[in-house]
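J.: Predicted model, plus sequence, below.
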Amino acid sequence: MKSIPILLLLLVFAIAAACAAPAFSAAQSVPLALKFTPGETLQYDVTFSGSGNVTAPGADLAVLGLRGNLTVVQKVVEVLPDGSGRLETTIPRLEVDVTLADHQARFSFVGGRMRLMADGKESSPPDTASLQNIPLLMTPITFTVAPDGRTTGISLADQQLLGQLSQVIPQLDAAQMWRSSDPLFPSSPVAVGETWRRSARYLPFGPQMPIIATISHTLDEYTEKEGMGLARISGFADASLAGSQQLNAPGGVSVAIPELRETITSTEFFNTTKGQLVRGDYDVSLRTRFAVQAAEQSQSGRLEARLRVSVQAR
């Protein structure tokens, strides 16, 4: 009878050893790449919350609060010969709560229905006909994404929308806002502990107001369990606006942005077997100063905010 506890102890150790995920040797390297399967549907739940201070033009300093959640659905409509996937992307659910000083507002889009609340009172949303072409909510955006993470193409169901956005703010390159010519992953396998860095130049406000970013990632850990490889990757990005040109909007209104800086600290878990993100946690810090000029009058404002974002694959 005394041997039974010993047998049980050995059994526990055997089960623990079988279930343990062996650490990947730092001397070995891990290939990191996105993978796509035709017809596959990817779904992510996103939650976010944050707070900050904002000074709107002509107003006093106010405390800002933000909280919400959304669902992103991506359907792989095609896989190209180079492994790139064409992802038809929609946001079928979005809920946002905003507080600014003593005021509260809520926006929701669930089941194709949009609702607007302000200080506890519901407002009538725009008519359905005017909402049919809202990108992501009412109409999908199709992104072409390479295995290394570059976004190489974008298309909308209504191709005139990009042109309409550019007409509202001439300097705004709506297509460039979604496009990234820089890879997320290096071209060769990465060893545990290795860091890869890159610099990027984005032109969402036109060539006169580029955003310069420096980005680094480190493969902190890699484990294998039940035929699945899981990589834990930490990252840091620092982006700032270069240039001080103005954005001109209709009605003689112009907006100058003398300062804009954003930093992002991230931890991501990546399934290397399937080539898909499992989970990502992101801490975002934003600081900006701006000035609005209209009718020969100029008023300045500023915003400082911190945001926590979590992305979980279903």
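T.: In hand now; what should we look at?
J.: Strands of the stretch 51-200 of the chain, start to end?
T.: 61-79, 85-100, 103-110, 113-118, 121-123, 141-145, 151-156, 190-191, 195-202 (DSSP state E, counting those that start in this stretch).
J.: cool, and the stretch 201-314 of the chain?
T.: Under DSSP E, counting those that start in this stretch, the stretch 201-314 of the chain gives strands at 211-225, 228-241, 246-249, 253-271, 276-294, 297-313.
J.: coming back round to it: mean neighbour count, distance to residue 241 and mean pLDDT for the strands of the stretch 51-200 of the chain - can I get that in CSV?
T.: C-beta coordinates here come from the backbone N, C-alpha and C atoms, glycine included. Listed next are these as CSV, based on neighbours: other CB atoms under 10 Å; distance: least, CB to CB, whole Å; pLDDT from 0 to 100:
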stretch, mean neighbour count, distance to residue 241, mean pLDDT
strand 61-79, 16, 20, 95
strand 85-100, 17, 24, 95
strand 103-110, 15, 27, 93
strand 113-118, 13, 31, 89
strand 121-123, 9, 34, 86
strand 141-145, 18, 25, 92
strand 151-156, 16, 21, 82
strand 190-191, 17, 31, 96
strand 195-202, 14, 10, 89
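J.: Below-threshold pLDDT in the stretch 201-314 of the chain: ranges please.
T.: Where the stretch 201-314 of the chain drops to pLDDT under 70, the residues are 244-245, 249-251.
J.: one step back: closest one to residue 53 among the strands of the stretch 201-314 of the chain?
T.: Taking CB to CB, strand 297-313 is the member of the strands of the stretch 201-314 of the chain nearest to residue 53, at 5.3 Å.
J.: Tell me which residues of that closest one come out buried.
T.: 301, 302, 303, 305, 307, 309, 311, 313 (16 or more other CB atoms under 10 Å).
J.: Grab the nearest non-local neighbour of the third one.
T.: Among residues not flanking residue 303 along the chain, residue 54 sits closest, at 4.7 Å (CB to CB, 6 or more residues apart in numbering).
J.: what about the one you found, distance to residue 100?
T.: 7 Å (CB to CB, to the nearest Å).
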